[in-house]
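Peer 1: with the sequence up front, the predicted model follows.
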Amino acid sequence: MVTIKSKKEIELMRESCKIVAMAQEAIKKAIRPGISTWELNKIAEDVIYAQGAIPSCKNYPSGIKGVPPFPAGVCISVNDEVIHGIPSKHVILREGDIVSTDLCAYKNGVHGDATRTHFIGGEKAVDPEIKRLVDVTTQSFYEGLKFAKPGNRIGDVSHAIGEYIESHGFYVVKEFQGHGIGHEMHEDPGIPNYGKPGKGIRLEPGMCLAIEPMVNLGTEEIEVLDDGWTIVTADGSPAAHYENTILITEKEPEILTIL
Ligand code: MF3
Ligand code: CO
């Protein structure tokens, strides 16, 4: 069921989303060659707790028998890791890496959710084709956002994202998608990053959506590592991810996870 948020709920969403944005800012400031993904996770978790929120991903159940809950507040995915990378003291970032940080914060009964992909050592340190992958991924979110208005359908958003990615020669990850968000981290509707215009539910003011393109450089195929969580590209090529929680309004959509 797709929920329409009340004025009060929207205010609460703003607060949780702002905390997500603050945690992402803290990561952006701290990220550099030599830092471990465990340290980055700690920095973000500290910001979230200091704001009286909880990192929603921490202890999130896998839903798979034998796979423990996600152990950290931030999913940190390096290079060929697409999503759900587990922070580790043994994963030390190096110049030229790309790293996505996906995190949620829960406060006053509602969640915010956003993802950024970072260039380690600055954008000039990253191979130009990989830089282009990250830029296209970010821009694909904004291409979808243009259609995130009342009267349009989810398929219009999905189509705009997918077309943009494929027209630039990259591959949409199809097994995972964006989602409604609010009292639950994952609510209806699902928001695929590809699709047909005119399909799916109609957008209405008061809907909160987490739109999150996941894009691979060399193939659309993915695999799951033995930890049961980490999703990697099947060919070992790099992947990028970008996400914001947005609010559908009568006019332009509002991005809630930016400061
Ligand atoms: N934040 C992710 C999303 O965008 C979910 C992460 S899965 C978790 O939907 F297990 F880590 F929570
Ligand atoms: Co999400």
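Peer 2: Cool, the structure landed. Ligands and ions are numbered 1, 2, ... in the order given.
Peer 1: how about the residues of the protein near ligand 2?
Peer 2: 113, 210, 212 (C-beta under 5 Å from the ion). Glycine gets a C-beta too; all of them are placed from N, C-alpha and C.
Peer 1: longest helix in this protein, please.
Peer 2: Once the chain is assigned using DSSP state H, the helix that runs over the most residues is helix 7-30.
Peer 1: in terms of secondary structure, what does that helix contact?
Peer 2: Other helices and strands packing on helix 7-30, by 3 or more C-beta pairs under 8 Å, 6 or more residues apart in numbering; DSSP states H and E, are helix 37-50, strand 98-107, strand 110-119, strand 244-247.
Peer 1: for the ones you listed, give me TSV that also has distance to ligand 1 and mean pLDDT.
Peer 2: Formatted as TSV, the helices and strands packed on helix 7-30 follow (distance: least, C-beta to the nearest ligand atom, whole Å; pLDDT from 0 to 100):
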stretch	distance to ligand 1	mean pLDDT
helix 37-50	11	99
strand 98-107	5	99
strand 110-119	5	98
strand 244-247	9	99
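Peer 1: so for Lys7, which of these sits nearest?
Peer 2: strand 244-247 (11.4 Å; C-beta to C-beta).
Peer 1: residues touching the helix or strand just after that closest one, excluding its own?
Peer 2: Following strand 244-247 in sequence order, the next helix or strand is strand 254-255 (DSSP states H and E). Outside strand 254-255, the residues within contact range by C-beta atoms under 8 Å, 6 or more residues apart in numbering are 145, 244-247.
Peer 1: top of the residues you listed by neighbour count?
Peer 2: Among those, the one with the most neighbours (other C-beta atoms under 10 Å) is Thr245, at 31 neighbours.
Peer 1: doesn't Glu15 make contact with that residue?
Peer 2: No. Using C-beta atoms under 8 Å as the test, Thr245 is too far from Glu15 to be in contact (11.8 Å).
Peer 1: buried residues of stretch 187-194, list them for me.
Peer 2: 187, 189, 191-194 (16 or more other C-beta atoms under 10 Å).
Peer 1: what lies in contact with it?
Peer 2: Against stretch 187-194 from outside (C-beta under 8 Å, 6+ apart): 1-3, 140, 144, 154, 157-159, 161-162, 165-166, 172-174, 177-181, 200-201, 209-215.
Peer 1: of the residues you listed, buried ones?
Peer 2: Neighbour-count burial (16+ other C-beta under 10 Å) applied to the contacts of stretch 187-194 gives 2-3, 140, 144, 154, 157-159, 161-162, 165, 172-173, 177-181, 200, 209-215.
Peer 1: those in strands, which ones?
Peer 2: 172, 178-180, 209-211, 214-215 (DSSP state E).
Peer 1: confirm that His90 sits in a strand.
Peer 2: No. Looking at His90 with DSSP: H, G, I helix; E, B strand; the rest coil, it is coil, so not inside a strand.
Peer 1: ok, it touching Ser36?
Peer 2: Yes. His90 sits in contact with Ser36 when judged by C-beta under 8 Å, with a separation of 7.3 Å.
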